[in-house]
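Peer 1: Turn this into a structure:
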Amino acid sequence: MPVLIRGPYLQKVTPNSIMIRWRTDALNRSKVWFGTDKESLNSSVEDSLLVTEHKIAIHGLQPNTKYYYKIGAIKQVLQGDSSNYFFTLPRAGSKGTFRIAAFGDCGNNSVNQRNVRDQLLRYLGRDRLNAWILLGDNTYPNGTDAEFQSNFFNVYKDSLLKNVPLYPSPGNHDYHDVEFSAAVAQQTHQVAYYQNFSMPVDGEAGGVASREPSYYSFDIGNIHFLSLDSYGMEQGMRLYDTLGPQVQWIKKDLEKTRNADWVIAYWHHPPYTMGSHNGDKEEELIKIRENFIPILERYGVDIVLCGHSHDYERSRLMQGYYGNEASFDSTKFLVSNSSGRGDGSPNSQPYTKSKLHGKGTVYVVSGSAGQLGGMQPEFPHNAMYFSDAEHGGSSLIVVNGDRLDFKWICSDGKIRDQFSMIKK
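Peer 2: Numbers count the residues shown, from 1 in each chain. The predicted structure follows:
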């Protein structure tokens with residue numbers, strides 16, 4: 001009997017469908033048994049093709065519903081007990097309490113990576129995550145399949161991977177190619193990242209179909225997400241090339257979803273940072289800030305989440321700031337002077353935005369879910385209200401109707417930063 005060596009993990013999840021993936025050490029057929037009663041998994045989907053990379057798509061599911069499942073071959077079960085379950089996504093546009101965790105620069109197989117994972121789960125307790133997102137550099141140092149196995153899949157296999165839908169984005173380390181070069185991989189996308197993850201590129205999870213696994217969008221209730229690629233190329237152009245296919249798709253997607261209550265965009269390279277990377281000196285960061293950020297702000301994106309710098313940095317609600325650090329002027333660029341913390345400290349009221357044409361975006365660098373440390377001489381960045389390069393952590397977004405709460409949960413369990421935003 002083949003041995004399960006990776007997974008199961010949950011991909012392309014929508015309100016009515018899911019793909020369950022796993023890997024075996026030898027060729028085998030694929031089958032998933034599933035149902036809403038853990039004692040009676042009376043539905044199944046199978047594939048008779050002999051493979052080691054198993055991908056089973058299930059359709060016709062009910063929205064926001066818990067399903068138990070088992071995986072295996074036609075007559076053999078590889079894994080499946082009461083801890084194997086998933087929830088489908090809520091219907092697009094529906095309101096409720098939705099939780100999404102963000103991990104940046106996580107896959108280095110470190111003590112910090114495990115502590116960040118454990119403290120997030122401890123904080124959640126019985127509260128359910130609807131999804132988790134990856135902010136790039138998902139394994140180190142070269143993005144190989146073996147590194148994904150040891151530094152990512154093995155670390156998260158017993159908790160997040162088999163229960164929570166995953167929506168990744170790529171970073172520069174995911175584009176390393178030890179046989180050719182990163183420059184080649186940027187063009188070809190022939191790297192382990194694209195072999196290991198399946199993305200909802202056909203619009204099945206919400207938004208406009210991208211037809212490209214490097215960038216896509218999806219809805220979780222009344223939240224619209226865009227997962228973007230800041231390092232790879234499409235037709236020789238990158239994220240900061242505003243005439244390129246990715247940005248043209250972004251405009252179409254944001255135009256279609258103008259009525260979404262919340263819009264969150266995430267990718268790897270941050271527009272503002274003075275952590276392990278310098279936002280004033282690195283060309284790709286400068287070009288993203290100058291060329292691309294104005295487009296997102298024009299469409300009213302609420303939060304931008306990035307990694308790349310191995311720290312945590314967070315702005316206030318701001319708009320129109322596209323220059324270097326020295327050019328930041330709080331009187332010109334802050335939409336709100338509040339910290340947004342909502343903790344009773346002075347000037348800490350939640351940010352407020354109008355549902356129609358609301359201005360302002362909060363920018364977050366959350367790149368210490370594995371890798372940690374590094375500061376420029378200018379640290380902290382003038383535009384960042386809160387910065388910390390000493391503690392690892394992950395970010396948690398909780399949306400309840402017209403209120404969004406954001407927390408940075410550290411590897412020691414402490415919440416060192418938080419902010420809230422309300423739509424009116």
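
Peer 1: what sits against N138?
Peer 2: Contact analysis of N138 by CB atoms under 8 Å, 6 or more residues apart in numbering lists C106, G107, F148, F152, P168, P170, G171, H173, D174, Y193. For every residue, glycine as well, the C-beta is placed using N, CA and C.

Peer 1: any idea how far the third one is from N109?
Peer 2: Summarising the geometry, the distance separating F148 from N109, computed by CB to CB, to the nearest Å, is 11 Å.

Peer 1: quick one, which of those two is more surrounded?
Peer 2: When F148 and N109 are compared on other CB atoms under 10 Å, the one with more neighbours turns out to be F148, at 21 against 16.

Peer 1: if we can go back for a sec, could I get the contacts of N138 as JSON lines with secondary structure, distance to Y67 and pLDDT?
Peer 2: Below are the contacts of N138 laid out as JSON lines (DSSP: H, G, I helix; E, B strand; the rest coil; distance: CB to CB, whole Å; pLDDT from 0 to 100):
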{"residue": "C106", "secondary structure": "coil", "distance to Y67": "27", "pLDDT": "98"}
{"residue": "G107", "secondary structure": "coil", "distance to Y67": "28", "pLDDT": "97"}
{"residue": "F148", "secondary structure": "helix", "distance to Y67": "26", "pLDDT": "98"}
{"residue": "F152", "secondary structure": "helix", "distance to Y67": "24", "pLDDT": "98"}
{"residue": "P168", "secondary structure": "coil", "distance to Y67": "22", "pLDDT": "98"}
{"residue": "P170", "secondary structure": "coil", "distance to Y67": "29", "pLDDT": "98"}
{"residue": "G171", "secondary structure": "coil", "distance to Y67": "32", "pLDDT": "97"}
{"residue": "H173", "secondary structure": "helix", "distance to Y67": "34", "pLDDT": "96"}
{"residue": "D174", "secondary structure": "helix", "distance to Y67": "30", "pLDDT": "97"}
{"residue": "Y193", "secondary structure": "helix", "distance to Y67": "27", "pLDDT": "98"}
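
Peer 1: any idea which of those is closest to V201?
Peer 2: P168 (12.7 Å; CB to CB).

Peer 1: Just give me the neighbour total for that closest one.
Peer 2: P168, neighbours per other CB under 10 Å, totals 23.

Peer 1: Okay, and the beta partners of the residue lying closest to it once chain neighbours are set aside?
Peer 2: Closest residue in space to P168, ignoring its immediate chain neighbours: L134 at 4.0 Å, by CB to CB, 6 or more residues apart in numbering. L134 has these beta-bridge partners by DSSP bridges: F103.

Peer 1: quick one, what contacts L134?
Peer 2: When contacts are counted by CB under 8 Å, 6+ apart, L134 touches A102, F103, G104, C106, L166, Y167, P168, S169.

Peer 1: if I pick the third one, what's in contact with it?
Peer 2: Under the criterion of CB under 8 Å, 6+ apart, the contact list for G104 reads 134-137, 268, 305-308, 365-369, 394-395.

Peer 1: picking that back up, now the contacts of N138 as TSV including distance to N142?
Peer 2: Below are the contacts of N138 laid out as TSV (distance: CB to CB, whole Å):
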residue	distance to N142
C106	16
G107	11
F148	10
F152	13
P168	17
P170	14
G171	12
H173	7
D174	9
Y193	11
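
Peer 1: Now list the buried members of these.
Peer 2: Taking 16 or more other CB atoms under 10 Å as the criterion, what is buried in the contacts of N138 is C106, G107, F148, F152, P168, P170, G171, H173, D174, Y193.

Peer 1: Out of those, the closest to S30 would be?
Peer 2: Among the buried ones among the contacts of N138, and counting by CB to CB, the member closest to S30 is F148, at 20.3 Å.

Peer 1: Which parts of the stretch 301-424 of the chain are helices?
Peer 2: Taking DSSP state H, counting those that start in this stretch as the test, the helices found in the stretch 301-424 of the chain are 330-333.

Peer 1: Output the below-cut-off pLDDT ranges for it.
Peer 2: Nowhere does the stretch 301-424 of the chain drop to pLDDT under 70.

Peer 1: Do you have the strands of it handy? List them.
Peer 2: For the stretch 301-424 of the chain, the strands defined by DSSP state E, counting those that start in this stretch occupy 303-306, 312-315, 351-353, 362-366, 384-388, 393-400, 403-410, 415-423.

Peer 1: Starting from the longest one, tell me which strands it pairs with and how they run.
Peer 2: The one in question is strand 415-423. strand 351-353 (parallel), strand 403-410 (antiparallel).

Peer 1: any chance of those in JSON lines, with distance to K424 and mean neighbour count too?
Peer 2: Shown next, in JSON lines, are those (distance: least, CB to CB, whole Å; neighbours: other CB atoms under 10 Å):
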{"stretch": "strand 351-353", "distance to K424": "6", "mean neighbour count": "21"}
{"stretch": "strand 403-410", "distance to K424": "10", "mean neighbour count": "21"}
